[in-house]
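*Asks:* Give me the fold of what follows.
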Amino acid sequence: MDQAISLLGRSGHAVKIDFFPLRTRTAPLAHNYTIVVANSTVMAAKTAKALDKYNRRPIECRLAAAV
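*Replies:* Numbers count the residues shown, from 1 in each chain. Here you go, the predicted model:
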């Protein structure tokens, strides 16, 4: 998603990226909003268990949105 937002982002807008099917939607942000992007320097374990949880998250989010 980092690469997608780097290419598709617009100043002053939030971008929702769907991957199944691939599509984006932008929404203007209020002028008094500030978004800070920072590197936490926390390293994530790349174990099979961690990858399973990471890959499961989009499915859980879609189910929650449908409910």
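*Asks:* got a list of contacts for the helix or strand bottoming out on mean pLDDT in the chain?
*Replies:* Lowest on mean pLDDT, DSSP states H and E among the helices and strands of the chain sits helix 2-8, with a mean of 81. With CB atoms under 8 Å, 6 or more residues apart in numbering as the test, helix 2-8 has contacts from 15, 17, 24. Glycine gets a C-beta too; all of them are placed from N, C-alpha and C.
*Asks:* So which of these sit within strands?
*Replies:* 15, 17, 24 (DSSP state E).
*Asks:* how much space between the nearest residue to residue 19 once chain neighbours are set aside and residue 30?
*Replies:* Spatially, and ignoring its direct neighbours in sequence, residue 19 is nearest to residue 58 (7.4 Å; CB to CB, 6 or more residues apart in numbering). From residue 58 across to residue 30, the span is 28 Å (CB to CB, to the nearest Å).
*Asks:* who's in contact with the residue lying closest to residue 12 once chain neighbours are set aside?
*Replies:* Nearest residue to residue 12, sequence neighbours excluded (CB to CB, 6+ apart): residue 29, at 5.7 Å. Residue 29 sits next to 12-14, 35 when contact means CB under 8 Å, 6+ apart.
*Asks:* Quick check: residue 29 vs residue 10, distance?
*Replies:* For residue 29 relative to residue 10 (CB to CB), the value is 10 Å.
*Asks:* all strands for this structure, in order.
*Replies:* Under DSSP E, the chain gives strands at 13-19, 22-28.
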